[in-house]
Each structure stands twice: as structure tokens, then as C-alpha cells.
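Colleague: fold the following.
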Amino acid sequence: MELVITEIAGCVVCAWFCDNTLSDIIICGNRKEYNIDDIYIGKVKNIVNNINASFVDIGGANPCFMQCKSYEAPLVLKGGMISCKDALKREQDVIVQIIKDSVKTKNQAVTSTLSIPGRYLILTRKKGISISRKIKDRQRRNELKELFDLNDEDYGFIVRTNAEHASDAKILEEKRYLSMLYKEILDKAVHSKTYTRLYKAPPEYIDAVKNSNLNQLTRIVTDIPYIYDDIMEYVSSAEPEFSNIISFYDDRGFSLDALFSISDKIKRLLKKKVWLDSGAYLIIDVTEACIVIDVNSGKAVNNNNDTEQTFFNINIEAANEIMRQLRLRNLSGIIIIDFIDMRNEEHNDALLSELKHLSEKERISTNVLDMTSLGLIEMTRMKQKKPLHERLMSDDDRLLIIQ
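Modeller: Next up, the predicted model:
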């Protein structure tokens, strides 16, 4: 697998390729003043008790939405002290972290459940240790749990998938670093004014490297000098043994974009119709309320006259491509899929099982719910960053990459 980082139409693009096929993509765009994972001192402007939420001003144009979690009291600042309050009051200063970008009519979302991601761990205000579900080995899960002693701490850790094959020494080193960083953030908060940014999240291209499984990457290549320097600095300090897979591309006659046809692939991701290798196709409709995907047999040829088996094969192929398209387009929320109708219940069960299996591999939480009486499959995908088509829009609603 290769990670390619280049600039297209003013946007930094991180694209993962597996066997020359685009498997994931992130449009980083330009760094704004308020980015996901940044931590601020905000001021409570309004409280909506009937939905257990509040609106917090962090200094931007609009206040941010904050769902108040019943299991955790916010960190309130008053008189140079930090305290946990079960109930917020208007005009209180509170420490919050941005967790969602603004999307159309919805403001940015923040949380008081602070978290600081590392390569192997995520420090969180939720006490205790939790292990990534993707780590299946029971012995390794038990070993990872035994690494932590947090009896006197007011925070906990999530052990990420990358920790499965990491050395205990590296995990403990990151644990110490994240613990120190968290305490520094709280110390800074005590001596800072409202709207101060207490923590600036690293650029998305660094997160792209941090969140990648470096053992599976054969190359990280970029043609942007400052990004090359930043990645080299990060990898040299965090994973020096992988420094040799980072390369700088300097062929001015043939760009990285042209070499990997990234722009062309992005343009195809903006289209409603997606052709499958079998000749079948998908129609992907993005609405305000949900994502609707229709599977059509199209030009698929039935050579063996077994229509039921043909439909099953198309649906399985479509399931794999649907998960890929959701990932590449970063579509989220409620997803309704209308597969080709099948009479065989075993085939329907197998299709549902395949989708659930694929969803477990996704980096963003994806849940396959069930098949309705009408034969529609319902899914949800966690909302976080803007979908691809919105991240490619300029401030005056022009597409940065023209179709």
C-alpha cells in the first residue's frame, strides 16, 4: 500500500493506493482557526434542558453545539480553578474540544469529553482502559490491559489497533507523553482567558501518517517540501525504523497527481452513477436526511441462466463497492441501500453478514442494522468531517475540482 500526499486545486490531498486502486482519500483543505480536535476555553451562551444540550461560544462566528453527557461533568473554570460541574450555567467558562465540522445549517459540535490521540493510544477523560475491537487476540488484549495502572488518575486510555504489534516500551512512552500533554493543557487553562486555544491539533496529513499501519505501507510519497519535512520529523521521532519508506517526488515534468490520476478519480467520486466490473451499477443519492443507494443489474451478463445466483454475485460485489464509496466520499448519517431482490433467504443472510464484516474494518464507526420488510438494508455511519463533495467547495460554493 502507498500513501500519496500532493496538492490539487489548493487542497492538500492524502490518497491511499492498494494495488493501484484508490482505497481511501482525505481532502485536508486549508487550516482554519477552528479545527477538529482543537481544545478551547469556551463560554456557555445558552442551555437547552429538554435536549440536554448547550451552545458554547469559542470565539467563532457562531456558537458550537454541545451535547451534555449524563456520565461526565464538564470542566468549568472559575477563579483560577478547574472544577467538575454536573449542570452548566450560562456565562460559565468551560473547557471543550471540537469534534465535528459545521455542515450546511448545523454548527460545529464540541464536547467536554476531551481526548488526545496518539499513534497507539487515545487519552480520554473517561476513566479506565478500553481496547480496540479490531484487536482480536485475547492474550494480547490481556497484555495490553496489564500495562496500565491508573488508580489515581482522572483520565483513561483507548488502546488503538496500531498497538497490537507495537512494543510495550513504545506504548508506555506514548502513555507518558499524552499524560504530560493533558496536564499541561489543564495547567494552561487555569492561567488563560476565555476563547484561548489550549491545544492545536496536528495537520491532517500528519494524522494520516499517524493513523496508518506503517507495517502495511511500502511508501509514503509527497511532492510538497514542507510536508516532506514535517512527516520526516514526525516519523524520525515516533517510528525511526520507517524513515526509509518516505520519499520526495521532484519530477516537474509529470506530477504526482497525473502519475496516480488522482484528480480523475476524485471527479468520478462526485458522480451519482458508479459502474461495477460485472456491468451492474450503483446510483448514490445524497439528500439532507439520508444517503440512498440503489443497486441495478445494468449490463451484467447471466451466462449460466441462474438468475438468483447472478443477483447474489452482483449484490456481494455491490456491497464491497458501497463500503468503498462511503469511505472515499466520507458519506455519513443514515444510509438506505436497495439491493437487487433475492428470494433465497440464505443469500439475504449472507449479504447482511458480508456488509457487517466489511463495516468492522472501517476507520469510522459504521453499523449495519438490519433488512426491512421491503428488502432495504439500513446502515449508519458516524458523522465527523464534511463529506468529500462539501470539502471541495470554495467559500462561494464553486467546485474546486471542476467536473
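Colleague: buried residues in the helix or strand of the chain with the lowest mean pLDDT?
Modeller: Lowest on mean pLDDT, DSSP states H and E among the helices and strands of the chain sits strand 81-84, with a mean of 74. The neighbour-count check on strand 81-84 (16 or more other C-beta atoms under 10 Å) flags nothing as buried. To be clear about C-beta, it is placed using only N, CA and C from the backbone, and glycine gets the same treatment.
Colleague: paired strands for it, with orientation please.
Modeller: Here strand 81-84 has these sheet partners by DSSP bridges: strand 75-78 (antiparallel).
Colleague: which residues touch the partner strand?
Modeller: Residues outside strand 75-78 that contact it (C-beta atoms under 8 Å, 6 or more residues apart in numbering) are 41, 82-85, 88, 92-95, 112, 114, 125, 186, 189-190.
Colleague: between the residues you listed, which is closest to residue 208?
Modeller: When the contacts of strand 75-78 are compared for distance to residue 208 (C-beta to C-beta), residue 114 wins out at 22.3 Å.
Colleague: got the contact list for that closest one?
Modeller: 39, 75, 95, 97, 124, 125, 182, 185.
Colleague: any idea how far it lies from residue 173?
Modeller: Distance from residue 114 to residue 173, counting by C-beta to C-beta, to the nearest Å: 21 Å.
Colleague: can you give me the helices in the stretch 1-150 of the chain?
Modeller: Counting by DSSP state H, counting those that start in this stretch, the stretch 1-150 of the chain has helices at residues 138-146.
Colleague: so, low pLDDT: which residues of it?
Modeller: Applying pLDDT under 70 to the stretch 1-150 of the chain flags residues 29-32, 70-72, 80, 85-86, 103-105, 150.
Colleague: which SS class is the residue nearest to residue 338 when sequence neighbours are not counted?
Modeller: Nearest non-adjacent residue to residue 338, counting by C-beta to C-beta, 6 or more residues apart in numbering: residue 294, 4.8 Å away. The three-state label given to residue 294 by DSSP: H, G, I helix; E, B strand; the rest coil is strand.
Colleague: which residues are in contact with residue 294?
Modeller: 282, 283, 285, 338.
Colleague: same check, this time on residue 192
Modeller: 41, 198.
Colleague: quick check: it is in a helix.
Modeller: No - looking at residue 192 with three-state DSSP, it is coil, so not inside a helix.
Colleague: if we can go back for a sec, just the buried ones from the contacts of strand 75-78?
Modeller: Buried by 16+ other C-beta under 10 Å: 41, 88, 92, 93, 94, 95, 112, 114, 125, 186, 189, out of the contacts of strand 75-78.
Colleague: what is the nearest of these to residue 374?
Modeller: residue 112 (40.8 Å).
Colleague: state the distance from that closest one to residue 81.
Modeller: 16 Å.
Colleague: surely residue 348 and residue 371 touch.
Modeller: Yes - using C-beta atoms under 8 Å, residue 348 is in contact with residue 371, at 6.4 Å.
Colleague: by neighbours, which of the contacts of residue 294 wins?
Modeller: If you count neighbours using other C-beta atoms under 10 Å, the busiest of the contacts of residue 294 is residue 282, which has 19 neighbours.
Colleague: surely it meets residue 293?
Modeller: Yes - shown here, residue 282 and residue 293 form a contact pair, counting by C-beta under 8 Å, at 5.9 Å.
Colleague: what touches both of the two?
Modeller: Residues touching both residue 282 and residue 293 (C-beta under 8 Å, 6+ apart): residue 322.
Colleague: near residue 170, how many other residues are there?
Modeller: Residues near residue 170, counting by other C-beta under 10 Å, number 15.
Colleague: what sits against it?
Modeller: Neighbours of residue 170 in contact, by C-beta under 8 Å, 6+ apart: residue 120.
Colleague: for residue 249, see how far away it is.
Modeller: Separation of residue 170 from residue 249 (C-beta to C-beta) stands at 29 Å.
Colleague: follow-up on the earlier one: name the nearest of the contacts of residue 114 relative to residue 157.
Modeller: Nearest member of those to residue 157, counting by C-beta to C-beta, is residue 124, at 6.9 Å.
Colleague: specify the beta-bridge partners of that closest one.
Modeller: When assigned by DSSP bridges, residue 124 has beta-bridge partners residue 115, residue 156.
Colleague: which strand in the protein runs the most residues?
Modeller: strand 39-48 (DSSP state E).
Colleague: for that one, name the packing helices and strands.
Modeller: Counting contacts by 3 or more C-beta pairs under 8 Å, 6 or more residues apart in numbering; DSSP states H and E, strand 39-48 is packed against strand 53-57, strand 93-100, strand 197-199.
Colleague: how about the next helix or strand after the shortest one: buried residues?
Modeller: As assigned by DSSP states H and E, the chain's next helix or strand after strand 197-199 is helix 204-210. Buried residues in helix 204-210, counting neighbours by 16+ other C-beta under 10 Å, are found at 204, 205, 206, 207, 208, 209, 210.
Colleague: and the next helix or strand after helix 204-210, which residues are buried?
Modeller: Next in sequence after helix 204-210, counting helices and strands by DSSP H and E, comes strand 219-222. Of all the residues in strand 219-222, those buried under the rule 16+ other C-beta under 10 Å are 220, 221, 222.
Colleague: please name the bridge partners of the second one.
Modeller: Which is residue 221. Beta-bridge pairing for residue 221 (DSSP bridges): residue 4, residue 247.
Colleague: I'd say it and residue 249 touch.
Modeller: Yes - counting by C-beta under 8 Å, residue 221 sits close enough to residue 249 to count as a contact (5.3 Å).
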